[in-house]
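>>> no FASTA, just this:
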């Protein structure tokens, strides 16, 4: 990545293990698209709901030339699963963006219209 990462952990006990895990996941994104300009990751545990228990929210904002990729994932019980799901979604979006940049994505063909008068001429 060209710019450093920004990691924010809210309403959750900060740990070096969690931050290291996030950095490793972010470094792997660089394998799918080399021109990432910045990556911001926010991990939070929003207010607890009595019925649902712990809920973790992971938001990833990735800046690439001419675009921004945003992923937002919620998961109950395990912050590492929430991170895995969010980074997997970010990877898919980066792969799609890279294909578009390389011109590998075909644009849909225009729809052909059939004139009714041609059908009636039979």
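The structure has been received and is ready for your questions. All of these numbers come straight from a predicted model, not from anything done at the bench.

>>> for residue 45, phi and psi?
phi -120, psi 100 (degrees, to the nearest 10).

>>> how about the helices in this protein?
16-29, 79-102, 116-120 (DSSP state H).

>>> average model confidence for the longest one?
Think helix 79-102. Average pLDDT, helix 79-102: 91.

>>> again with the shortest one
The predicted model assigns helix 116-120 a mean pLDDT of 58.

>>> any idea how far the residue nearest in space to the middle of the chain lies from residue 32?
By CA atoms, centre = their mean, the mean C-alpha position of the chain lies nearest to residue 90, the distance being 2.7 Å. Per CB to CB, to the nearest Å, residue 90 is found 9 Å from residue 32. C-betas here are computed from N, CA, C, even on glycine.

>>> same check on residue 87?
11 Å.

>>> neighbour count winner among those two?
Neighbours were counted for residue 87 and for residue 32 using other CB atoms under 10 Å; residue 87 has more, 22 against 16.

>>> what sits closest to that one if chain neighbours are left out?
Distances taken as CB to CB, 6 or more residues apart in numbering place residue 25 nearest to residue 87, at 4.4 Å, with adjacent residues excluded.

>>> same question for residue 85.
The shortest distance from residue 85 to any non-neighbouring residue, by CB to CB, 6+ apart, is to residue 73 (4.9 Å).

>>> give the contact list for the one you found.
57-59, 82, 85-86, 89 (CB atoms under 8 Å, 6 or more residues apart in numbering).

>>> show the buried residues in these.
Among those, those classed as buried by neighbour count (16 or more other CB atoms under 10 Å) are 57-59, 82, 86, 89.

>>> tell me the one of those residues nearest residue 46?
Taking CB to CB as the measure, residue 46 lies nearest residue 57 of these, at 5.8 Å.
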